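Visitor: let's see this in three dimensions:
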Amino acid sequence: MLEHERRLWTSGYQYVAGLDEAGRGCLAGPVVAAAVILPRDIEIPAIQDSKSLSETKRDQAREQIEEQALAVEVGICSPQEIDELNILHASLEAMRRATNNLSPGAEYLLVDGNRWIENSAWPYETVVKGDATSQSIAAASIIAKTERDRMMRTLASEHPEYGWESNVGYPTKQHYKAIAQHGITSFHRQSFKLKRSA
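Guide: Now for the predicted structure:
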């Protein structure tokens, strides 16, 4: 999973950051992005697309990433920012915030998906399904997913009726039912469809 990174390292870039986000399809909670710079030519077998890993393996992979990465940062956009910007632009902004805080700073970005911000301060390329082909993006996917899940489980203690400890804000039958019974919270995305179709 180092094909993209090796090409860039060979071109002279030392600090290549992978970017990904978690939580785009949720009804509640922030969108969380991560930026990860991995050491040159070090392959971490535990790193795979976060969606293909169990929760236990994701947590174990996160520990390895944090131990071995040159830099790891998280960026967040709140539900209110999502409503204001729309989910696509909020996701990109969260990735920009994560990248902006990296130390050492990124020299080149590998961005999961097919969009990035206009007038980028960094050279970059977008990689469709990058979490399956780039170790840096897969690492960012794991960090973003585990960080967001932890946040939603903390919020679940404040609002136990919505089942966020298990659905982490995604649209489930239980979540829609709780919204119908209890209404919405300040953590719900009001620009999203919060009522289930009949």
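Visitor: okay, CA-based contacts and neighbour counts for the rest of this
Guide: Will do.
Visitor: for stretch 35-52, buried residues please.
Guide: For stretch 35-52, the neighbour count (16 or more other C-alpha atoms under 10 Å) marks Ala35, Val36, Ile37, Leu38, Arg40, Ala46, Ile47, Gln48, Asp49, Ser50 as buried.
Visitor: now that stretch, how far from the chain's geometric center?
Guide: Taking the mean of its C-alpha atoms, stretch 35-52 sits 14 Å from the chain's own mean (C-alpha atoms, centre = their mean, to the nearest Å).
Visitor: for it, what is the average pLDDT?
Guide: Across stretch 35-52, the average pLDDT comes to 85.
Visitor: circling back: can you add distance to Ala61 and secondary structure and give the buried residues of stretch 35-52 back as JSON lines?
Guide: Listed next are those as JSON lines, based on distance: C-alpha to C-alpha, whole Å; DSSP: H, G, I helix; E, B strand; the rest coil:
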{"residue": "Ala35", "distance to Ala61": "15", "secondary structure": "strand"}
{"residue": "Val36", "distance to Ala61": "13", "secondary structure": "strand"}
{"residue": "Ile37", "distance to Ala61": "15", "secondary structure": "strand"}
{"residue": "Leu38", "distance to Ala61": "13", "secondary structure": "coil"}
{"residue": "Arg40", "distance to Ala61": "18", "secondary structure": "coil"}
{"residue": "Ala46", "distance to Ala61": "5", "secondary structure": "coil"}
{"residue": "Ile47", "distance to Ala61": "6", "secondary structure": "coil"}
{"residue": "Gln48", "distance to Ala61": "9", "secondary structure": "coil"}
{"residue": "Asp49", "distance to Ala61": "11", "secondary structure": "coil"}
{"residue": "Ser50", "distance to Ala61": "9", "secondary structure": "helix"}
